[in-house]
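Q: sequence plus the predicted model coming up.
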Amino acid sequence: MTRSSRIPVRCAGTLVPLFSISSETSWGIGEIADLPRLASWCAKAGLSFVQLLPIHEMPEHETSPYSALSAMAIDPQFISLADVEDFGALGGEAALDPADRLALDAARSAATVQYALVRQVKGAALRLAFDRFDDVEWRRDSNRARAFRAFLEQQAWWLDDYALFRSLLAHHGGRSWQQWPEPLRRRDADALAAARASLARDVRYRQYAQWLAHEQWQAARRLAPVKLFGDLPFMVGTDSADVWSRQDEFRFDVSVGVPPDAFSATGQDWQLPAYRWDVFAARDFDWLRCRARRTGDLFDGYRIDHLVGFFRTYLRTKDGGPAQFTPAD
């Protein structure tokens, strides 16, 4: 092996949250369709990649991309409505009611991302688009409906639980799954089957939004002249589809954070559940492998946020006991 072959290739890129790269055509927030535009600028500047913060779906009142409803789903707020065929068939922005058009104008003209307005108007637009898809495509089993079915089958390993979780979350007014009726909380099979039946259309809407995000994401990757890198947080939020669906793999008697340091005399409590490493190991770390696979499907490469957390995790007890580092077993 020559010396030159042992030296890694050096390159430069830019780190930016997707929500920060809004353009004149986007809806008050950076969108998937804005990525190729940024990537083209980076290529002209001699850069080789764009590194993004997590793009997972955030709770309604959350703005941190590290507190997500899912470790797998793309946040629908990043969908570019201008590129949604069903929305365009309805007339595009003209199909919005007056209140939503005013909200869109306010979101576009704001100096910062107005998450509540963005979620309001994009939610309304996506519902309109879905209604059209459901009536015109799904019921007639069109080519697009068959493409959607193929996506459902391909991504069922995470999408089924996610879509049901999102529908149940909306059905229960956004309350934590820990406050849902006991059969749903403990994922009783009969209760889940009944929920899938009664919420079938809303479940399909959640799946539809992820299909749109998937199709747009893959198109953006094809168009981008530089590599797209992602960010995989080492923990996941308590109120997420993942924790709800795999409750026995997490500890709820402690929360994850960091100890006191030069920047904080008390440290930080992130209010995140800790992993049960013994259960993970017994299952060959399958969920972590799934997360890695999903992130690898979305990006050309990715960093693991707080990688050290996989080797030693700072845990704060819920009963007020002493906090401590706990290594993985």
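A: Here it is on my side, so go on.

Q: where does pLDDT dip in the stretch 1-150 of the chain?
A: Low-confidence segments of the stretch 1-150 of the chain (pLDDT under 70): 1-8.

Q: need the strands for it, in chain order.
A: Using DSSP state E, counting those that start in this stretch, the strands of the stretch 1-150 of the chain run over 13-16, 49-52.

Q: in its sheet, what does the first one sit against?
A: For strand 13-16, sheet partners with direction are given as strand 49-52 (parallel), following DSSP bridges.

Q: any idea how far the strand it pairs with is from the middle of the chain?
A: With Cα atoms, centre = their mean, to the nearest Å as the basis, strand 49-52 stands 17 Å off its chain's centre.

Q: re earlier: tell me the most buried of the strands of the stretch 1-150 of the chain?
A: Most buried of the strands of the stretch 1-150 of the chain, by mean neighbour count (mean count of other Cβ atoms under 10 Å): strand 49-52, with a mean of 22. (Each C-beta comes from the backbone N, C-alpha and C, glycine too.)

Q: restricting to C-alpha, output it in CSV.
A: Output of strand 49-52 as CSV, limited to C-alpha atoms (Å, rounded to 0.1, in the frame of the first residue of the first chain):
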residue,chain,number,x,y,z
PHE,A,49,-21.3,17.8,0.5
VAL,A,50,-24.2,19.2,2.4
GLN,A,51,-24.5,18.0,6.0
LEU,A,52,-28.0,18.4,7.4
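
Q: distance to Leu288 added to the strands of the stretch 1-150 of the chain, as TSV?
A: As requested, these are arranged in TSV below (distance: least, Cβ to Cβ, whole Å):
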stretch	distance to Leu288
strand 13-16	24
strand 49-52	21
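
Q: of all those strands, which one is nearest Phe252?
A: Nearest of the strands of the stretch 1-150 of the chain to Phe252, taken as Cβ to Cβ: strand 49-52 at 30.3 Å.

Q: may I have the phi/psi pair for the closest residue to Leu35 other than its chain neighbours?
A: Residue nearest to Leu35 in three dimensions, not counting chain neighbours: Ala220, with 4.4 Å by Cβ to Cβ, 6 or more residues apart in numbering. Phi and psi for Ala220, reported as degrees, to the nearest 10, are phi -60, psi -40.

Q: correct me if wrong: Ala220 contacts Arg37.
A: No - counting by Cβ atoms under 8 Å, Ala220 stays clear of Arg37, with 9.7 Å between them.

Q: between those two, which has more neighbouring residues?
A: A side-by-side neighbour count of Ala220 and Arg37, using other Cβ atoms under 10 Å, places Ala220 first with 21 against 18.

Q: can you give me the helices in this protein?
A: For the chain, the helices defined by DSSP state H occupy 3-6, 34-44, 85-89, 98-109, 115-132, 143-154, 156-171, 182-185, 189-198, 200-223, 241-245, 277-282, 286-298.

Q: buried set for the third one?
A: Same thing as helix 85-89. Buried residues in helix 85-89, counted by 16 or more other Cβ atoms under 10 Å: Asp86, Phe87.

Q: now for that helix, which elements pack on it?
A: helix 115-132 (3 or more Cβ pairs under 8 Å, 6 or more residues apart in numbering; DSSP states H and E).

Q: counting contacts, what elements does the helix it packs on pack onto?
A: On a contact count with 3+ Cβ pairs under 8 Å, 6+ apart, helix 115-132 meets helix 85-89, helix 98-109, helix 200-223.
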